[in-house]
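A.B. asks: Provided below for reference: sequence and predicted model.
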Amino acid sequence: MTGANSFQVSGYGPERAGWTRLLARDSLARRLDWPMLLAALALSLLGTLLVYSATRNRTELNQGDQYYFLVRHLLNTGIGLALMVGTVWLGHRTLRTAVPILYGVSVFLILLVLTPLGSTINGAHSWIKLPGGFSLQPSEFVKVTIILGMAMLLATRVDAGDKQYPDHRTVMQALGLAAVPMLIVLLMPDLGSVMVMVVIVLGVLLASGSSNRWVFGLIGTGTIGAIAVWQLGVLDDYQIARFAAFANPELDPAGVGYNTNQARIAIGSGGLTGSGLFHGSQTTGQFVPEQQTDFVFTVAGEELGFIGGGLIILLLGVILWRACRIARETTELYGTIVAAGIVAWFAFQSFENIGMTLGIMPVTGLPLPFVSYGGSSMFAVWVAVGLLQSIRVQRPMSA
């Protein structure tokens with residue numbers, strides 16, 4: 001027991017010695033959170049089937065190869081799993097020491113989006129075109145670096161025993177760290193990602209034990225900022241139209257409201273058990289745009305019914321439950337903050353994605369974690385799972 005506790009406390013030293021002690025005293029496989037891993041893997045595999053169903057007949061997208069998106073989605077999932085393994089091997093504490101480098105790289109990448117290297121996909125200018133037909137969305141990785149950066153600042157003096165809670169100066173520094181990439185992403189403009197980042201910041205502040213005045217102040221500032229963004233014309237016309245259609249679904253059913261209306265029709269037609277995988281008339285007829293990415297939940301709703309859609313929500317719930325447990329059981333504030341930030345990210349993004357297909361949230365173009373097609377999103381969420389697993393693996397054995 002003493003060796004495990006010394007491993008916990010010495011986390012800021014070389015990781016290799018820590019891993020040696022850990023593997024010598026306990027099985028790494030037993031310490032992993034298998035319910036979370038299996039739920040995430042099940043979501044990714046289920047997403048593969050849904051993406052294939054949504055794209056196999058869309059020759060204008062799959063370049064005449066019905067397996068085009070299937071193969072790429074599996075490849076993305078495989079790379080995501082490799083990134084998770086690498087994250088667990090490095091350890092969240094090692095990554096803590098690399099936060100300045102990771103933060104600088106992520107800010108540099110989102111700045112590249114604002115240069116001629118950036119490209120627009122589906123109305124969002126938030127991508128970098130890469131050779132071979134690949135694209136990178138840096139804002140997905142910014143979510144990870146905001147969590148790590150804020151956790152590093154807020155937890156340093158607390159974990160060292162100098163403070164019981166982060167002081168006001170430290171909170172201001174953490175908010176400044178998050179504000180820089182958020183403002184750049186807003187200029188793209190990628191409003192959906194900014195919304196997720198705001199929720200992440202709120203979750204991080206709550207988990208850190210910071211004064212509630214900061215939380216309420218941030219909510220108030222965010223409200224004023226949202227009004228200012230609307231009034232100053234920062235948003236593109238299509239984004240304003242989406243919010244208008246959300247406020248009034250009958251505003252333009254054949255135009256800006258078309259996606260949401262078709263999504264609701266597809267989900268509603270599935271009933272309890274659905275029409276059967278690969279047999280959805282709305283999906284086969286290509287009535288719902290972007291079904292492999294933003295609206296992938298409609299494929300589950302139509303072809304797998306309420307049971308299939310409920311299964312996706314249940315699996316997401318398992319991941320959130322296990323992540324909350326990891327946040328509660330770790331003895332270091334840094335690990336608690338990182339886990340809580342990931343919970344806030346996954347919870348809000350899942351709610352927003354599913355909610356927009358049901359018409360209860362505005363359309364923002366956010367992918368469904370682990371399910372939607374997209375390499376950047378898949379890589380980021382699996383790195384997040386790796387961080388959660390690392391926090392669990394490196395906790396004291398008595399926890």
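C.D. replies: Happy to help now that I have it. Residues are numbered from 1 along each chain as shown.

A.B. asks: Name the nearest residue to Lys143, sequence neighbours excluded.
C.D. replies: Leaving aside its sequence neighbours, Lys143 sits nearest to Trp345 (C-beta to C-beta, 6 or more residues apart in numbering; 5.7 Å). C-beta: built from backbone N, CA, C; applies to glycine.

A.B. asks: got a list of what the one you found touches?
C.D. replies: 143, 147, 196, 199-200, 203, 384 (C-beta atoms under 8 Å, 6 or more residues apart in numbering).

A.B. asks: which ones are touching the residue lying closest to His279 once chain neighbours are set aside?
C.D. replies: Of all residues not flanking His279 in the chain, Glu303 sits nearest, at 6.4 Å (C-beta to C-beta, 6+ apart). Glu303 sits next to 50, 53, 270, 274-280, 283 when contact means C-beta under 8 Å, 6+ apart.

A.B. asks: swap the cut-off to 10 Å and go again
C.D. replies: Glu303 is in contact with 49-50, 53-54, 266, 269-270, 273-284, counting by C-beta atoms under 10 Å, 6 or more residues apart in numbering.

A.B. asks: Please determine how far it is located from Pro369.
C.D. replies: As judged by C-beta to C-beta, to the nearest Å, Glu303 and Pro369 stand 20 Å apart.

A.B. asks: tell me which residues in stretch 340-355 are buried?
C.D. replies: Buried residues in stretch 340-355, counted by 16 or more other C-beta atoms under 10 Å: 340-355.

A.B. asks: Look up the pLDDT of Phe216 for me, please.
C.D. replies: Reported pLDDT at Phe216 in the predicted model: 84.

A.B. asks: picking that back up, among the contacts of Glu303, which ones are in strands?
C.D. replies: Using DSSP state E to define strands, no part of the contacts of Glu303 is located there.

A.B. asks: can you give me the helices in the stretch 51-200 of the chain?
C.D. replies: 59-62, 68-90, 92-97, 99-113, 138-159, 168-187, 191-208 (DSSP state H, counting those that start in this stretch).

A.B. asks: In CSV, list those along with mean neighbour count, mean pLDDT and distance to Gly317.
C.D. replies: Below are the helices of the stretch 51-200 of the chain laid out as CSV (neighbours: other C-beta atoms under 10 Å; pLDDT from 0 to 100; distance: least, C-beta to C-beta, whole Å):
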stretch, mean neighbour count, mean pLDDT, distance to Gly317
helix 59-62, 13, 76, 31
helix 68-90, 18, 94, 20
helix 92-97, 20, 89, 23
helix 99-113, 16, 92, 29
helix 138-159, 24, 92, 20
helix 168-187, 18, 91, 27
helix 191-208, 23, 92, 17
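
A.B. asks: so which of those helices gets nearest Ala327?
C.D. replies: Nearest to Ala327 among the helices of the stretch 51-200 of the chain is helix 191-208; the distance by C-beta to C-beta comes to 6.8 Å.

A.B. asks: what's in contact with the very next helix or strand once past that closest one?
C.D. replies: Going down the chain from helix 191-208, the next helix or strand is helix 212-232, by DSSP states H and E. Here helix 212-232 makes contact (C-beta under 10 Å, 6+ apart) with 166, 168, 171-172, 174-175, 178, 183, 186, 189, 191, 194-195, 198-199, 201-203, 205-206, 208, 210-211, 234-235, 239-240, 243.

A.B. asks: 7 Å - rerun?
C.D. replies: 171, 198, 201-202, 205-206, 235 (C-beta atoms under 7 Å, 6 or more residues apart in numbering).

A.B. asks: Which of the contacts of Glu303 fall within helices?
C.D. replies: Among these, the members found in helices (DSSP state H) are 49-50, 53-54, 266, 269-270, 281-284.

A.B. asks: Widest-spaced pair of those?
C.D. replies: Across the ones in helices among the contacts of Glu303 (C-beta to C-beta), the longest gap, 18.6 Å, separates Leu49 and Ser269.

A.B. asks: tell me how far the helix or strand harbouring Arg325 is from the chain's mean position?
C.D. replies: Using DSSP H and E, Arg325 falls within helix 305-329. Offset of helix 305-329 from its chain centre (C-alpha atoms, centre = their mean, to the nearest Å): 14 Å.

A.B. asks: same question for it, mean pLDDT?
C.D. replies: 96.

A.B. asks: okay, the angle between it and helix 191-208?
C.D. replies: 40 degrees (axes from the mean of the first three to the mean of the last three C-alpha atoms, to 10 degrees).

A.B. asks: what helices or strands is helix 305-329 leaning on?
C.D. replies: The contact analysis (3 or more C-beta pairs under 7 Å, 6 or more residues apart in numbering; DSSP states H and E) places helix 305-329 against helix 34-55, helix 296-303, helix 333-358, helix 375-393.

A.B. asks: Distance to Gln63 for those - can I get that in CSV?
C.D. replies: Shown next, in CSV, are the helices and strands packed on helix 305-329 (distance: least, C-beta to C-beta, whole Å):
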stretch, distance to Gln63
helix 34-55, 11
helix 296-303, 20
helix 333-358, 26
helix 375-393, 17
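
A.B. asks: Point out the most buried one among the ones you listed.
C.D. replies: Comparing those by mean neighbour count (mean count of other C-beta atoms under 10 Å), helix 296-303 comes out on top with a mean of 30.

A.B. asks: Just the angle for it relative to helix 305-329, thanks.
C.D. replies: 140 degrees.

A.B. asks: Would you quantify the distance from the closest residue to Leu333 other than its chain neighbours to Ser372?
C.D. replies: The shortest distance from Leu333 to any residue other than its chain neighbours is 4.1 Å, reached at Ala155 (C-beta to C-beta, 6+ apart). Computed with C-beta to C-beta, the distance linking Ala155 and Ser372 is 32 Å.
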